[in-house]
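Student: Model the structure of this input:
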Amino acid sequence: MSKKGRILVAMSGGIDSTVAAVMLAEEGYEVVGVTMKTWDYQNSGGGKKETGCCSLDSINDARTIAVQNGIHHLILDIRDEFGDFVIDNFIEEYLAGRTPNPCVLCNTHIKWEALLKRANQLDCEFIATGHYAQIRTENGRHVISRGLDHHKDQSYVLWGLSQESLARTRFPLGGFHKTDIKQMAIDRGYLELAKKSESYEICFVPDNDYRGFLKRKVDGLEERVDGGLFVNKEGKVLGKHKGYPFYTVGQRKGLEIALGEPMFVLEIIPETNTVVLGRENELQRNGMWVRNVNMQKYASLNAPMESLTKVRYKDAGTMATILQEDQRMKVDFHSQVKGIAPGQSAVFYEGDDVIGGGWIQSSFDI
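Tutor: Now for the predicted structure:
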């Protein structure tokens, strides 16, 4: 074993995880690469070519580069765990009228658990990924902090990681910009990898048609929910829709209803198959409740504190006063926030540090 020890690196076949693995090998670690097979695209029934981290091409790319660099490479089949947990939750959330965040769920409950389990079996002290984020220690706690490249920062999707997971996790790319990583790939002879397009699709819905996915996975769904009502905030019927699971809070396009002005989804009521529409300004909210909170920087909050709070991945964030009540967080925004969608992640920041995060339960007006 090398002086730096053995480290298990998640290799998806993309540029970021590849450079992370190569960097660690060059630093003197004994690197073991692992590519996780989470999903068979042919099972989704989609019509496009298999793409993303689960594709055969990506697995082959990861293995080829690992061999070229003397890195032992393994393929970890976690399709059963992934399907039972992530996909079932994805379906259940839409049927409950919420908008799921499967990548966060997968990171927290599937990938890290699978990596740590295999790391233990292989006597690897640490695990590493190609995420653009950083980890530091303060007052004995391990804290996720934003990556140096704020345009690529992925701290938002890592709020669910436990202290035990963070203690053994390394993010080699956290102190670099994406342009630096591309240049490193080119310098090491991976020009094609540097030119490879990145996929932002959900791996098991690679055609981005989540409605079609739900129809294929839930027998008789269309017949069960077709013909529900669009209403306004006062309850006035505006027309019929195709079923509440096929809409999300904040949606404007694809409503297929003409009302003389742009209308947005304000609320979804699954119990009555009702979708509430309104004007854009009616999407504004002053606060929200967040459930299943996982704390990172602090073990708990015993008093209100100010936090930059993000309600979606590309959200710049809004200052808010947050107050923890057991495993829930009450969030009072200092200015109104548009399109708060139950089921999405809310992440709380102090400077660049992640205080914690959770799942949006509901929004409210003060």
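Student: and stretch 73-80, which residues are buried?
Tutor: By 16 or more other CB atoms under 10 Å, the buried positions in stretch 73-80 come out as His73, Leu76, Ile78. Where C-beta positions appear, they are placed from N, C-alpha and C, glycine not excepted.
Student: Wait, a strand at the second one?
Tutor: Think Leu76. Yes - the assignment for Leu76 is a strand, going by DSSP: H, G, I helix; E, B strand; the rest coil.
Student: For the remainder of this discussion, apply numbering that starts at 893.
Tutor: Okay, using 893 as the starting number, the last item reads as Leu968.
Student: wait, it sits on Thr927?
Tutor: Yes - Leu968 lies in contact with Thr927 (CB atoms under 8 Å); the separation is 7.0 Å.
Student: In the stretch 943-1092 of the chain, mark out all the strands, start to finish.
Tutor: For the stretch 943-1092 of the chain, the strands defined by DSSP state E, counting those that start in this stretch occupy 964-969, 1018-1020, 1025-1030, 1033-1038, 1061-1062.
Student: related to what we said a few turns ago, identify, from the buried residues of stretch 965-972, the entry nearest to Ser909.
Tutor: Checking the buried residues of stretch 965-972 against Ser909 by CB to CB gives His965 as the nearest, at 11.9 Å.
Student: I'd like to know how many residues surround the nearest residue to that closest one once chain neighbours are set aside.
Tutor: Spatial nearest neighbour of His965, chain neighbours left out: Ala958 (3.7 Å); criterion: CB to CB, 6 or more residues apart in numbering. By other CB atoms under 10 Å, the residues close to Ala958 number 25.
Student: Look up how far Asp1099 lies from Ala958.
Tutor: Per CB to CB, to the nearest Å, Ala958 is found 30 Å from Asp1099.
Student: for Val1168, same thing?
Tutor: Taken as CB to CB, the span from Val1168 to Asp1099 is 29 Å.
Student: need the contact list for the residue nearest to His965.
Tutor: Ala958 makes contacts with Met903, Ala913, Gly925, His964, His965, as judged by CB atoms under 8 Å, 6 or more residues apart in numbering.
Student: Tell me which helix or strand in the protein has the weakest average pLDDT.
Tutor: One helix or strand of the chain scores below all others by mean pLDDT, DSSP states H and E: helix 1083-1087, with a mean of 82.
Student: Let's verify the residue nearest to Ile957 when sequence neighbours are not counted: helix, strand, or coil?
Tutor: Excluding its sequence neighbours, the residue lying closest to Ile957 (CB to CB, 6+ apart) is Thr910, at 5.3 Å. Thr910 carries the three-state label helix when classified by three-state DSSP.
Student: mind checking how far Thr910 is from Ile963?
Tutor: 10 Å.
Student: Same drill for the two, tell me which one is more crowded.
Tutor: Thr910 (29 against 21).
Student: Let me see the contact set for that one.
Tutor: Neighbour list for Thr910: Met903, Asp953, Ala954, Ile957, Gly1022, Ala1077, Tyr1082, Leu1085 [criterion: CB under 8 Å, 6+ apart].
Student: same thing but at 10 Å, please
Tutor: Listed by CB atoms under 10 Å, 6 or more residues apart in numbering, the contact set of Thr910 reads 901, 903-904, 925, 953-954, 956-958, 961, 1022, 1073, 1076-1077, 1080, 1082, 1085-1086, 1088.
Student: What subset of these is buried?
Tutor: Buried among the contacts of Thr910 by 16+ other CB under 10 Å: 901, 903-904, 925, 953-954, 957-958, 961, 1022, 1073, 1076-1077, 1080, 1082, 1085-1086, 1088.
Student: low-confidence ranges in the stretch 993-1142 of the chain?
Tutor: Low-confidence segments of the stretch 993-1142 of the chain (pLDDT under 70): 1091-1092.
Student: how about a cut-off of 80?
Tutor: The model of the stretch 993-1142 of the chain has pLDDT under 80 over residues 1088-1093, 1098.
Student: where along it do the helices fall?
Tutor: Ranges of helices in the stretch 993-1142 of the chain, per DSSP state H, counting those that start in this stretch, are 994-998, 1004-1013, 1055-1059, 1070-1079, 1083-1087, 1102-1109, 1113-1117.
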